[in-house]
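J.: need a 3D model of the sequence below.
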Amino acid sequence: MSKSSSIIAAAVQLQPADSIAENLANAAKWIACAVSDGAQLVVLPENFAHLGRKDFSQIGLAESGKSGVVRHFLADQAAQHAIWLVGGTVPVTDAASGTKPFARSLLFDPSGEEVNHYDKIHLFDVDVDPSGLGQEQQTAYRESDNFAAGTEWVIAEAAIGRIGMTVCYDLRFAELFRRLADGGAEIITVPAAFTAATGRDHWQLLLRARAVENQVFVIGANMVDRSHPRRALWGGSAIIDPWGNVLAEIAESAGVAVAEIDFTRIAQVRQKMPVSAHRKL
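T.: A predicted model of the protein is given here:
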């Protein structure tokens, strides 16, 4: 069966809850909402089930098999709704990660089969300026204290299109997106938990830049909690087309952004502006 010239895609935006059960229930609610709007591809945010937890090594071990609570949830949701599902990220420990888990983005097909995954390469070890967000805001982040870094870039071959997989801080590394585009990615997914301190200035700017530079669709699914006293999260989930147009977005509440991905748009943009053919370096 040949691929359709267009699909409906959705970016789910979630606010962290107090328990894994609540987080999964909220995710299920918005996945169902996206499907009711016709979504065939749904992208969840980074660490959507465990944000705020500290026992990532223990979680990673529990999720190391396909019977892990969150992995089972994701497989069930994909099968229940017959969708392609990018399951945000889940901490997963395996032989390659050592004692720390990877931040793993999992792709499930409409039968609920886990068909590919990407381990976050760039870890968020930075200091931020939270000016204007409150005196108690976290200023230092050291993701490498809890997670191992991945090493392999991934393009998933899906019946709906070629999906380049990234996570959050990867968005700042144009060379990764260029490699995915050169490898034939048509859609690049960005599950994220962007801080408000960085997201207010850079989140949508970077989503649009990566789409324009590479002439691909970019789907950014972010966590949101702008009023959190310690770790404010920006939200602003969006779907961007190859010209940098914002096709759909949601600002500072939980919800879903849904838009049509018209693959013919990629060829149209590249024909009129053949950037890859003009590249000198």
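J.: need the contact partners of stretch 242-252.
T.: Here stretch 242-252 makes contact (CB atoms under 8 Å, 6 or more residues apart in numbering) with 11, 13, 204, 208-209, 211-212, 214-217, 224, 226, 235-241, 256-260, 265-266, 269-270. Using the backbone N, CA and C atoms, a C-beta is placed for each residue, glycine as well.
J.: and the end-to-end length of it?
T.: With CA to CA, to the nearest Å applied, stretch 242-252 spans 24 Å between its terminal residues.
J.: buried ones in it?
T.: 242, 244, 246, 247, 248, 249, 250, 252 (16 or more other CB atoms under 10 Å).
J.: could you do stretch 150-168 as well?
T.: Buried positions in stretch 150-168, judged by neighbour count with 16+ other CB under 10 Å: 150, 153-156, 158, 160-168.
J.: any chance of the buried residues of stretch 242-252 in CSV, plus distance to residue 89?
T.: CSV is the format used below for the buried residues of stretch 242-252 (distance: CB to CB, whole Å):
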residue, distance to residue 89
242, 25
244, 26
246, 24
247, 24
248, 22
249, 21
250, 20
252, 22
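J.: which two of these have the greatest separation?
T.: Spatial extent of those (CB to CB) is set by the pair 242 and 252 at 26.7 Å.
J.: need the residues that contact the helix or strand residue 176 falls within.
T.: According to DSSP states H and E, residue 176 maps onto helix 174-182. Around helix 174-182, the neighbours that count as contacts under CB under 8 Å, 6+ apart are 121-122, 153, 155, 164, 166, 170, 188, 209-210, 213-216, 276.
J.: so which of those residues are in strands?
T.: 155, 164, 188 (DSSP state E).
J.: which ones are touching residue 75?
T.: Contacts of residue 75 (CB under 8 Å, 6+ apart): 66, 108, 112, 113, 114.
J.: my guess is the second one contacts residue 73, does it?
T.: No - here residue 108 lies out of contact with residue 73, judged by CB atoms under 8 Å, at a distance of 10.3 Å.
J.: who has more neighbours, these two?
T.: residue 108 (24 against 19; other CB atoms under 10 Å).
J.: re earlier: so can I have JSON lines of the buried residues of stretch 242-252 showing pLDDT, secondary structure and distance to residue 174?
T.: Compiled in JSON lines, these are given as follows (pLDDT from 0 to 100; DSSP: H, G, I helix; E, B strand; the rest coil; distance: CB to CB, whole Å):
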{"residue": "242", "pLDDT": "98", "secondary structure": "coil", "distance to residue 174": "15"}
{"residue": "244", "pLDDT": "98", "secondary structure": "coil", "distance to residue 174": "14"}
{"residue": "246", "pLDDT": "98", "secondary structure": "strand", "distance to residue 174": "19"}
{"residue": "247", "pLDDT": "98", "secondary structure": "strand", "distance to residue 174": "21"}
{"residue": "248", "pLDDT": "98", "secondary structure": "strand", "distance to residue 174": "24"}
{"residue": "249", "pLDDT": "98", "secondary structure": "strand", "distance to residue 174": "22"}
{"residue": "250", "pLDDT": "97", "secondary structure": "coil", "distance to residue 174": "25"}
{"residue": "252", "pLDDT": "95", "secondary structure": "coil", "distance to residue 174": "27"}
